[in-house]
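Visitor: Predicted model, plus sequence, below.
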2 protein chains.
Amino acid sequence: MLALSKNILAPALKKLEQRSVLSEADRAAFLGMPFNIKSMSASNYIIREQDLTKHCCVLLSGFAFRSKIVGNGARQILSVHIPGEVLDLQHAFLGIADHSIQMLSSGNVAFVPAEAVHEIAVAHPAIGRAMWLETLAESSIFREWIANIGRRNALSRVAHLLCEIAVRLHSAGLIDGTRYELPMTQEQLADATGLTTVHVNRMLQKLRCDGLITRDKRAITIGNWKALSGVADFNPDYLHLNGALSQNFASSEGRLYRVRPGDDLSLA
Amino acid sequence: MLALSKNILAPALKKLEQRSVLSEADRAAFLGMPFNIKSMSASNYIIREQDLTKHCCVLLSGFAFRSKIVGNGARQILSVHIPGEVLDLQHAFLGIADHSIQMLSSGNVAFVPAEAVHEIAVAHPAIGRAMWLETLAESSIFREWIANIGRRNALSRVAHLLCEIAVRLHSAGLIDGTRYELPMTQEQLADATGLTTVHVNRMLQKLRCDGLITRDKRAITIGNWKALSGVADFNPDYLHLNGALSQNFASSEGRLYRVRPGDDLSLA
DNA sequence: CGAACTTTTGACAAGCATCAACACGTGTGG
DNA sequence: CCACACGTGTTGATGCTTGTCAAAAGTTCG
């Protein structure tokens, strides 16, 4: 399908503008990038590991996820993406895909030629900077996932994922209350948290029994944010959203430094 | 200490040029950035979580690591850095530190004011692009760590870390043979792999007994690269190094897609 | 209505954590 | 120069968290 409207990319632009200031010319240039739209269904591949990448993708609607398969055949989900996110600045620049991206649900994806992205980044430094910022914020999410999987127990890991998605959807203006659609099976939740399906099932049951969430079909309702974010050890700072949000969603306890014997506490 | 020489930043420049083409003017501008050098000792903090960041750091000598402390007091190491690496493009742009960076060994760090980095990125788009590329490559490493911690067993995780450091040191021209200094205690290896000190100790013993490595003091010698990278399920593609290296260091088996029932294999 | 997913359950096993103690090396101060 | 403290590495006993396997119940969709 060929691009018809100039406003198709608007949700992605809006996302960039949450973190950066752009001029009218920048906006026009961004919305004017060429693209193709593809309608995709659940589990379709947007990009496969080892593909040579020639475009950059914008998730116009629906959810998607990145994943890698390790040697023993196990899959690890690396991130979950919500509508409006730019998926592939990485691949467009690095040339070869080091992981796959698939749809979680059906939705539409805009494919922008990589050169168009390169050009706009040079011609409009503010856009280049904004895109760079997006990749930095995404990096921060990867780091939190490392900590989540490496150092939290199963219950916290699952709760943390649910908190993250809730806050990101909220920040994108895609939900209002405490209920949201999360089109992930328990197997996918397991692959995202480094657990097994069976164990995720038990953890979800525990969260339900304790009244922290309810889940019917693929919709999550958070029954008690404070308790859930507490169990999750969730602190939204790592999402680098602006201002007010962070206050509302922080779990009560702040992060502290763990001082170990031998740590030199000086700054230089 | 104040900057005296124009060539202090050369190692970082060399690193950027491994992935990007820069003009003579770009190079001069990069080397001409203002900076302060600080001599730091092991476990000194370069940056602490929640600091407001006003500079970007270049690790001139010595090793460093990023880490986060989670709610129960456990520490997760997020990455390990070798001499010559630019540590902090992230923090310089996001403004507030979402994790800490500490020295692993003693060494020198150059602190470049964040504005100088911003300005050079705009004035010299090629440098901006090169730095962006670095952050993308680093992102890819974070993703591999998520997969490593989430989906590999303890033995593979430890072996994988040892392989990664070896290849990165090799690529930076810092080692030649199969032996290298890795100034990490077993506790730090544990925090990097999401394990406990005791278990890391046992895994290292296993690697030693099987003749894959030897370790004396803080030096690692790889006795059998093929076997080690096999155990580690190590494939250096994710490091996005150029060309030849990848061939030499790949473990024998390629990565495949794991097809699950319901996966739609079409590309669109 | 049947086939293919997905969720749930139970019994059991295993990998890794926990705890505690000891060994070893190194630097330091009495 | 030795004694000592301290960080680090090593070991063994034990137990818990999470994984594995298998089967049944529920759900979705053609």
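Guide: Here it is on my side, so go on. Residues are numbered from 1 along each chain as shown, chains lettered A, B, ... in the order given.

Visitor: How about the residues of chain A by DNA strand C?
Guide: Chain A has residues A:185-187, A:197-198, A:201-202, A:204-205, A:218 near DNA strand C, with proximity defined as C-beta under 7 Å from any atom of the strand. Every residue, glycine included, has its C-beta placed from N, CA and C.

Visitor: could the residues you listed be laid out in TSV, adding secondary structure?
Guide: As requested, those are exported to TSV (DSSP: H, G, I helix; E, B strand; the rest coil):
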residue	secondary structure
A:185	coil
A:186	helix
A:187	helix
A:197	helix
A:198	helix
A:201	helix
A:202	helix
A:204	helix
A:205	helix
A:218	coil
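
Visitor: Just the buried ones among those, please.
Guide: Taking 16 or more other C-beta atoms under 10 Å in any protein chain shown as the criterion, what is buried in these is A:186-187, A:204.

Visitor: So for the residues of chain A next to DNA strand C, which is the shakiest by pLDDT?
Guide: Across the residues of chain A next to DNA strand C, no position has a lower pLDDT than residue A:218, which has 90.

Visitor: That residue: what's it in contact with?
Guide: Under the criterion of C-beta atoms under 8 Å, 6 or more residues apart in numbering or on different chains, the contact partners of residue A:218 comprise A:181-184.

Visitor: Please parse chain A into its domains.
Guide: Structural domains annotated on chain A: A:10-139, A:152-249, as defined by automatic domain parsing.

Visitor: pLDDT (mean, whole number) over the longest one?
Guide: So that's domain A:10-139. For domain A:10-139, mean pLDDT rounds to 92.

Visitor: quick check, that domain touching DNA strand D?
Guide: No. Judged by C-beta under 7 Å from any atom of the strand, domain A:10-139 makes no contact with DNA strand D; its nearest approach is 8.1 Å.

Visitor: chain center to that domain: distance?
Guide: Its chain's average C-alpha position is 11 Å from that of domain A:10-139, according to C-alpha atoms, centre = their mean, to the nearest Å.

Visitor: Check the last one too.
Guide: Between the centre of domain A:152-249 and the centre of its host chain there is 13 Å, according to C-alpha atoms, centre = their mean.

Visitor: Over to stretch A:144-151?
Guide: Using C-alpha atoms, centre = their mean, the offset of stretch A:144-151 from its chain centre is 15 Å.

Visitor: Does that stretch reach DNA strand D?
Guide: No. Against DNA strand D, stretch A:144-151 shows no contacts by C-beta under 7 Å from any atom of the strand, the least distance being 10.1 Å.

Visitor: before we move on, back to that, can you flag the buried ones in the contacts of residue A:218?
Guide: Neighbour-count burial (16+ other C-beta under 10 Å) is assigned, among the contacts of residue A:218, to A:182-184.

Visitor: Which of those sits closest to residue A:240?
Guide: Taking C-beta to C-beta as the measure, residue A:240 lies nearest residue A:182 of the buried ones among the contacts of residue A:218, at 21.8 Å.

Visitor: Excluding chain neighbours, give the residue nearest to the closest one in space.
Guide: Distances taken as C-beta to C-beta, 6 or more residues apart in numbering or on different chains put residue A:220 closest to residue A:182, at 5.1 Å, once the chain neighbours are dropped.

Visitor: Closest one to DNA strand D out of the buried ones among the contacts of residue A:218, please.
Guide: Closest approach to DNA strand D among the buried ones among the contacts of residue A:218 (C-beta to the nearest atom of the strand): residue A:183, at 10.3 Å.

Visitor: so how far is chain B from the closest one?
Guide: Per C-beta to the nearest C-beta, to the nearest Å, residue A:183 is found 13 Å from chain B.

Visitor: what about the closest residue to that residue other than its chain neighbours, which SS state?
Guide: Spatially, and ignoring its direct neighbours in sequence, residue A:183 is nearest to residue A:105 (4.0 Å; C-beta to C-beta, 6+ apart). Each residue gets one of three states, and residue A:105 gets coil by three-state DSSP.

Visitor: my guess is residue A:105 meets residue A:42, correct?
Guide: Yes. Checked against C-beta atoms under 8 Å, the pair residue A:105 and residue A:42 is within contact range at 5.3 Å.

Visitor: Now do the shared contacts for those two.
Guide: Residues touching both residue A:105 and residue A:42 comprise residue A:183, with contact defined as C-beta under 8 Å, 6+ apart.

Visitor: What about the spatially closest residue to residue A:188 that is not a sequence neighbour, how many residues nearby?
Guide: For residue A:188, the nearest residue in space outside its immediate sequence neighbours is residue A:77; the separation is 6.4 Å by C-beta to C-beta, 6+ apart. Residues within reach of residue A:77, counting by other C-beta atoms under 10 Å in any protein chain shown, total 27.

Visitor: just residue A:143 next, same as before
Guide: Around residue A:143 there are 23 other residues, counting by other C-beta under 10 Å.

Visitor: Which pLDDT value belongs to residue A:251?
Guide: At residue A:251 the predicted local distance difference test score is 57.
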